[in-house]
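J.: heads up, no residue letters with this:
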Ligand code: FES
């Protein structure tokens, strides 16, 4: 007997054999391939679209042709006439299997809303959302059967969608009868169920077919807040917006915000209001950009470091200001948009990822979800470089996390010519090791400063300062060119060789640009970077000690800053441990990606909730070896670590033996010149 046709779904690669005549949607469901359906297979929502991939798929032993799927049926013809169906597209609830098939499940089933494609966010996230739109046709009232309208709606959900124990949000009761009659007994219910063990709740009801549902994923950073509006039905990002965290006016860094709360009776409430208002502004913006109503936002996921997490939820963060850094809640938090005064659908849900520890937050949990060190065979180091760097180190065997207070130096604060990344800021730097002449690029101009046309091109923006990624580069290049000693001293003996080295009181500076604005890198600037990078490296090294390893296999740099720094320069500075350069990568906003994963798939929520309980938390400040690692890490790249892999890729300056005077006596001379 010939076997049943083989059906392979792409991009998931899931496959199985199905009897001739099986609806393609049923085949997908059986294999756990997510294909959206709002109308429950009635052929009216158009959400279940698929395409037949035609051709010989030798690897899978499948010859797939459009003859192997049923001819256009009545439902498809009707849908195509009313709403139009792109050539090649089929409604999987209508089309049936007639032979071997390779089926593409497209990500862009846009029925109404416009879709924005973002290069940085092309990761395909399989959907299993906590909120589903379910179209039902409800039985009309009958004097013989006095079941209420709401009850008959719940019966319809059970019959058509197998939702057994649903309840209705009581806020919907006053309007439900009108909604049912407006829809002539056909309505779409938004049903929320996050955990299988919890009761499903109808959070909104619309008359007729309501074919749009959105979610919001938000990363609340200490400096910036970034929001994505995502279609729950296609998984696509529809709009993106970002804003400066208005809490900055209460304090630049986290601890100053905690102090503000401690010193001001209304401080906590003011900061909670500020962050929620900023998020409300972002919601308005993404809704406008996406051309949608904010009432169509039905679910949301928020991540942030522990202090941002607490302030957003309205929790006093004072306990996080000192040991034992007690979190009010470490597990995932589920609440509603209404409880947090957020302008979404009145029934919209809010989910916050768990915090890992009192100083490693839900943002680090989200980055862990996105990069999955816990599933890696190799030892992976995941670092989110910010004012408070969050560090996760691990593999399948074991995962550890810590944070390091790096301060704002990497973001350009504390640096004399530092500035935020904006047009006119220097973003790339190279220094000739012979002449010590620099060349650089600025944001907004594609040319290097020594190329023809640069001066004219830069006229519009000016050359205004150095942004974070360039601070790393300029200090690393100064070291590679011999301007800096391994102890981070600007070597004054090279003054005779280059006018770029200038005396600056008792120390020396490097003149990067002499124009309308004089841009110099001072000894204090170098010190600030050394302190920040030493804090980060010491935190990483401490985790490596705890893990009992002396190297890592891969490094992922997350966060806005991590995305812009060149891994080579980060390693030359000794910001990150020695590693094959090809195995160091920038992963962009991993916390934001993790938040979106948790928005689109409930399994991701369960998996990170479980992983977080297994992560070992290390409090770096309390570890005696932190100081020792910190002192060694003040040197470039490090006083004792060999950085041999880096040395294979980059020509590092010769190491001086300890007996040799540093910088041809620069340090002693500096001491001698200090009479006052
Ligand atoms: Fe709605 Fe197929 S499931 S059209």
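T.: Nice, I can see it. Quick caveat: nothing in here was measured; it's all calculated off a predicted structure.
J.: next, the residue nearest in space to the middle of the chain: phi, psi?
T.: When Cα atoms, centre = their mean is applied to the chain, the residue found nearest the centroid is residue 592 (2.2 Å). Main-chain dihedrals, residue 592, degrees, to the nearest 10: phi -70, psi -40.
J.: okay, it: pLDDT?
T.: Residue 592 carries a pLDDT value of 92.
J.: make 48 the starting number, not 1.
T.: Okay, residue one is now 48; in that scheme the one you just asked about reads as residue 639.
J.: excluding sequence neighbours, find me the nearest residue to it.
T.: residue 266 (4.5 Å; Cβ to Cβ, 6 or more residues apart in numbering). (C-beta placed from N, C-alpha, C; glycine too.)
J.: in the sheet, who's paired with that neighbour?
T.: Beta-bridge partners for residue 266, by DSSP bridges, are residue 273, residue 350.
J.: what residues are up against it?
T.: Neighbouring residues of residue 266 by Cβ atoms under 8 Å, 6 or more residues apart in numbering: 272, 273, 274, 350, 351, 410, 413, 636, 638, 639, 642.
J.: most neighbours out of the residues you listed, which is it?
T.: residue 642 (37 neighbours; other Cβ atoms under 10 Å).
J.: wait, doesn't that residue sit right on residue 263?
T.: No: with contact defined as Cβ atoms under 8 Å, residue 642 does not count as touching residue 263 (9.3 Å).
J.: can you work out which residues contact both of the two?
T.: Joint contacts of residue 642 and residue 263 (Cβ under 8 Å, 6+ apart) are 275, 348.
J.: re the thing from before, so the residue nearest to the centre of the chain is in contact with residue 275, correct?
T.: Yes: between residue 639 and residue 275 there is a contact under Cβ under 8 Å: 6.7 Å.
J.: identify the contacts common to the two.
T.: Between them, residue 639 and residue 275 share the contacting residues residue 264, judged by Cβ under 8 Å, 6+ apart.
J.: can you pull the contacts of residue 684?
T.: 618, 619, 620, 621, 625, 690, 693, 699.
J.: how about the nearest residue to the first one, chain neighbours excluded?
T.: Put plainly, it is residue 618. Residue 618 sits nearest to residue 693 (Cβ to Cβ, 6+ apart), 5.0 Å away.
J.: and the residue of the stretch 398-547 of the chain nearest the ligand?
T.: Closest contact between the stretch 398-547 of the chain and the ligand, by Cβ to the nearest ligand atom, is at residue 398 (26.5 Å).
J.: which SSE is that residue in?
T.: Taking DSSP states H and E as the definition, residue 398 sits inside strand 396-399.
J.: quickly run through the sheet partners of that strand, with directions.
T.: According to DSSP bridges, strand 396-399 has the following sheet partners: strand 344-351 (parallel), strand 380-383 (antiparallel).
J.: just say which of those is most tucked in.
T.: strand 344-351 (a mean of 28; mean count of other Cβ atoms under 10 Å).
J.: which element follows that strand toward the C-terminus?
T.: Strand 344-351 is succeeded, C-terminally, by helix 353-360 (DSSP H and E).
J.: so which bits of that next one are buried?
T.: Within helix 353-360, the residues that count as buried by 16 or more other Cβ atoms under 10 Å are 353, 354, 355, 356, 357, 358, 359, 360.
J.: redo the residues you listed as a markdown table? Include distance to residue 83 and pLDDT.
T.: Below are those laid out as a markdown table (distance: Cβ to Cβ, whole Å; pLDDT from 0 to 100):
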| residue | distance to residue 83 | pLDDT |
| --- | --- | --- |
| 353 | 35 | 94 |
| 354 | 37 | 93 |
| 355 | 33 | 95 |
| 356 | 31 | 97 |
| 357 | 36 | 97 |
| 358 | 36 | 96 |
| 359 | 30 | 97 |
| 360 | 31 | 98 |
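J.: counting by contacts, list what the helix or strand residue 252 falls within packs against.
T.: Residue 252 is located in strand 248-254, with elements delineated by DSSP H and E. On a contact count with 3 or more Cβ pairs under 8 Å, 6 or more residues apart in numbering; DSSP states H and E, strand 248-254 meets helix 196-208, strand 214-215, helix 220-229, strand 233-239.
J.: now the ones you listed as a markdown table including mean neighbour count, mean pLDDT and distance to residue 81?
T.: Shown next, in a markdown table, are the helices and strands packed on strand 248-254 (neighbours: other Cβ atoms under 10 Å; pLDDT from 0 to 100; distance: least, Cβ to Cβ, whole Å):
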| stretch | mean neighbour count | mean pLDDT | distance to residue 81 |
| --- | --- | --- | --- |
| helix 196-208 | 18 | 96 | 15 |
| strand 214-215 | 16 | 97 | 25 |
| helix 220-229 | 14 | 97 | 28 |
| strand 233-239 | 23 | 98 | 16 |
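J.: what packs against the strand or helix carrying residue 523?
T.: For residue 523, the host element (DSSP H and E) is helix 515-527. Secondary-structure packing of helix 515-527 (3+ Cβ pairs under 8 Å, 6+ apart): strand 472-478, strand 485-489, strand 554-561, strand 565-568, helix 570-594, helix 606-611, helix 614-620.
J.: that's all I had, so thanks and see you.
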